[in-house]
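> Quick one, structure for this:
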Amino acid sequence: MSLQIEAQDVIKVVLQFCKENGLNSTYQALQTECQVSLNTVDSIETFISDIQNGRWDAVLPQVASLKLPRRKLEDLYEQIVLEMVELREIDTARAIMRQTQAMVQMKQEEPERFLKMEHLCQRTYFDPREAYPDSSKERRRAQIAQLVSTEVTVVPPSRLMALIGQALKYQQLQGMLPPGTSFDLFRGTAPVKQDEEETYPTQESKAIKFGKKSHPECARFSPDGQYLVTGSVDGFIEVWDYLTGKLKKDLTYQAEGTFMMHDDAVLSLNFSRDSEMLCSGSQDGKIKVWKIRTGQCLRKYENAHTQGVTSVCFSRDGTQILSSSFDGLVRVHGLKSGKVIKEFRGHASYVNDAIYTAEGSKIMSSSSDGTVRVWDVKSTECQNVFRPPQSAAGVELTINSTHLYPKNTEQIVVCARSSAVYIMTMQGQVVKSFSSGKREGGDFIACWVSPHGDWVYCLGEDSNLYCFSMQTSKLEHLLKLHDAGAVGLCHHPHRNLIATFADEGVLKVWKP
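Predicted coordinates for the structure are as follows:
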């Protein structure tokens, strides 16, 4: 059963914050527009005592911020006017009668009652028997105090800050926020350092070593920059602190030795846009969706594909999962239904990668049949098929992947199993190309575009990183990554950090 929170209560919490911090104009505007009143006092006992003892200088400021029924407000102001007349504070009495909304309404609706106070103001003397014909000043104060006190409540101070503090404490207890971490309240995450200018890596920052019979087959940084996740050949999915090179133990399940995993090698990983969910695809054709903070498996697709899942990707709204496979198919799976809802057929060989275009209306798939296909998401029809330039006549180049180009949403970066990588249009026209310059041993096996699109990083079969500048169109840097057997790479979403991994059983994080 979900917890229901009244919208009025939320507004009251904000009103209290405004009141406590002297944001009086905001307080009045919010109260007027929402027709919600705070109606709180610091202490009901003190409030009643102030009314019973006639401490009107303390009562009036509190009453000004309360929303009381008109009749009770009229009784209160009438009592104050009578006591001002008794003290011969005639100007104060008249000011209350003319400037308060309750008194103005009394004049219109109960003219005789209002005129009585007018006459008392004009007299040169004050007669308590005339002012309180059936009562006394003290009894009248007590009656008003009792009536008004039923309309107000007392709440602890600083409720907004207290609730936020409780929420953050809960996140710490759940392992969602490591103790001592600063927190960006507006974004809802711990702030991650951002590099102002994009530049290529030159040195190793951390190395993560895997077991003798294990190595990463895929790796991803989360969109919020908090996590680095790896999927290994032994089926394990592990979440790392890329700054220390150690497992993130603030995730309770990992601290207890429990891990997200598949029965077969994990070939692909990807995050939802909010970094809350992780999707994984394995060699046996299965897909799983995980809640990263708890390690809970939210959804399992036992028959996602008949062969290994080469790529997975969440839709923009996080309700669907796009996948490609060695079985030659591209599919879209419903997260809620757990079923295949779209299928894209047409490739004649393995599909190595599939991604959504920037606006999400099309899908681009890369295949070992040498083609890139552009599909319409709704109709599943293939709208275009194209090939990057071939290195030799009659030889179909394996297309490893396609990547969105951040600086131009109409262009993509196409990485083929060759010594060149291309920037192309959706229609298949080559805009720009970059080459390793090697005739042998320099073919690219993976590629990544930097977050702002200033650099294209290509991983060669020679285990070198080729750093191409989009500005100069030249190879600006060459970095030896591993002794041999490089598998893949990924780039941090807003820092100049690149993770590379090889079948020698190590993942390295590189920095400038």
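> can you point me to the longest helix in the protein?
Taking DSSP state H as the criterion, the chain has its longest helix at helix 70-86.
> tell me which residues in that one are buried?
By neighbour count on 16 or more other CB atoms under 10 Å, the buried set for helix 70-86 is 72-86. All C-beta spots, glycine's among them, are computed from the backbone N, C-alpha and C.
> Please list all residues in contact with A93.
Neighbour list for A93: 80-81, 84-85, 117, 121 [criterion: CB atoms under 8 Å, 6 or more residues apart in numbering].
> do that again at 7 Å, thanks
81, 84-85, 121 (CB atoms under 7 Å, 6 or more residues apart in numbering).
> Which one of the residues you listed is nearest to T409?
V81 (70.0 Å; CB to CB).
> pretty sure the closest one contacts I96?
Yes - under the criterion of CB atoms under 7 Å, V81 makes contact with I96 at 5.4 Å.
> Quick check: which ranges of the stretch 351-500 of the chain have low pLDDT?
Applying pLDDT under 70 to the stretch 351-500 of the chain flags residues 391-395.
> ok, which stretches of it are strands?
In the stretch 351-500 of the chain, the strands defined using DSSP state E, counting those that start in this stretch lie at 351-356, 362-367, 372-376, 382-386, 399-404, 411-416, 420-425, 430-435, 444-449, 455-460, 464-469, 475-480, 486-491, 498-502.
> could those strands be laid out in TSV, adding distance to K209 and mean neighbour count?
Listed next are the strands of the stretch 351-500 of the chain as TSV, based on distance: least, CB to CB, whole Å; neighbours: other CB atoms under 10 Å:
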stretch	distance to K209	mean neighbour count
strand 351-356	28	23
strand 362-367	31	24
strand 372-376	36	21
strand 382-386	41	15
strand 399-404	26	23
strand 411-416	28	24
strand 420-425	30	21
strand 430-435	32	16
strand 444-449	21	22
strand 455-460	20	24
strand 464-469	20	22
strand 475-480	18	14
strand 486-491	15	21
strand 498-502	11	25
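> The helix or strand containing K12: what's the following helix or strand?
K12 is part of helix 7-20, with elements assigned from DSSP states H and E. For helix 7-20, the following helix or strand on the C-terminal side (DSSP H and E) is helix 24-34.
> got the angle between that following helix and helix 7-20?
On the basis of axes from the mean of the first three to the mean of the last three CA atoms, to 10 degrees, helix 24-34 is oriented at 160 degrees to helix 7-20.
> Now do helix 24-34, average pLDDT.
Taken as a whole, helix 24-34 has a mean pLDDT of 85.
> same deal with stretch 56-72?
Taken as a whole, stretch 56-72 has a mean pLDDT of 86.
> now stretch 221-235
92.
> and it, how far from the chain's centre?
Here the centre of stretch 221-235 is set off from its chain's centre by 18 Å, with CA atoms, centre = their mean, to the nearest Å.
> contact partners of it?
189-190, 192, 210, 213-220, 237-240, 242, 248, 261-266, 269, 271, 273, 275, 278, 280, 292, 490, 492-495, 499, 507.
> how does it look with 6 Å?
Outside stretch 221-235, the residues that touch it by CB atoms under 6 Å, 6 or more residues apart in numbering are 189, 192, 214-220, 237-240, 242, 261-266, 269, 271, 273, 275, 280, 490, 492-494.
> returning to that earlier point: could you give the angle of the following helix or strand past the longest helix of the chain to helix 70-86?
Sequence-wise, the next helix or strand downstream of helix 70-86 (DSSP H and E) is helix 90-99. Orientation note: helix 90-99 sits at an angle of 160 degrees relative to helix 70-86 (the same axes, to 10 degrees).
> that older thread, for the contacts of A93, give me a markdown table that also has distance to N303 and pLDDT.
Listed next are the contacts of A93 as a markdown table, based on distance: CB to CB, whole Å; pLDDT from 0 to 100:
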| residue | distance to N303 | pLDDT |
| --- | --- | --- |
| V81 | 82 | 92 |
| M84 | 84 | 92 |
| V85 | 88 | 90 |
| C121 | 89 | 90 |
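> Please flag which of the contacts of stretch 221-235 sit within helices.
Using DSSP H to define helices, no part of these is located there.
> For ChimeraX, write a command that selects the buried ones of the residues you listed.
Command for ChimeraX that selects the buried part of those, burial taken from 16+ other CB under 10 Å:
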select :189,214,215,216,217,218,219,220,237,238,239,240,242,261,262,265,266,269,271,275,280,490,492,493,494
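> Any idea how many residues pack against T258?
Using other CB atoms under 10 Å, T258 has 11 other residues around it.
> With adjacent residues omitted, what lies nearest to it?
Using CB to CB, 6 or more residues apart in numbering and skipping residues adjacent in sequence, the residue nearest T258 is G295, 6.3 Å away.
> what's the neighbour count on L298?
Using other CB under 10 Å, L298 has 14 neighbouring residues.
> list the contacts for it?
When the contact criterion is CB under 6 Å, 6+ apart, the partners of L298 are 289, 291.
> about what we covered before: now distance to F17 too, for the strands of the stretch 351-500 of the chain, in CSV please.
Converted to CSV, the strands of the stretch 351-500 of the chain look like this (distance: least, CB to CB, whole Å):
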stretch, distance to F17
strand 351-356, 41
strand 362-367, 46
strand 372-376, 49
strand 382-386, 52
strand 399-404, 41
strand 411-416, 47
strand 420-425, 51
strand 430-435, 53
strand 444-449, 43
strand 455-460, 45
strand 464-469, 49
strand 475-480, 51
strand 486-491, 40
strand 498-502, 42
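> quick one: which of these is nearest G257?
Here strand 498-502 is closest among the strands of the stretch 351-500 of the chain (CB to CB), at 22.8 Å.
> Now do the closest one: everything it contacts.
For strand 498-502, the surrounding residues in contact (CB under 6 Å, 6+ apart) are 201, 216, 219, 481-482, 485-491, 507-510.
> same question for the helix holding K12, mean pLDDT?
On average, helix 7-20 scores 84.
> Using CSV, list the CA coordinates for that helix.
Backbone C-alpha positions of helix 7-20 (Å, rounded to 0.1, in the frame of the first residue of the first chain) are rendered in CSV as follows:
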residue,chain,number,x,y,z
ALA,A,7,-0.9,18.4,-1.7
GLN,A,8,-2.0,20.9,1.0
ASP,A,9,0.5,19.4,3.5
VAL,A,10,3.3,20.0,1.0
ILE,A,11,2.3,23.6,0.6
LYS,A,12,2.1,24.0,4.3
VAL,A,13,5.7,22.8,4.7
VAL,A,14,6.8,25.3,2.1
LEU,A,15,4.8,28.1,3.8
GLN,A,16,6.5,27.3,7.1
PHE,A,17,9.9,27.6,5.4
CYS,A,18,9.0,31.0,3.9
LYS,A,19,7.7,32.2,7.3
GLU,A,20,10.7,31.1,9.3
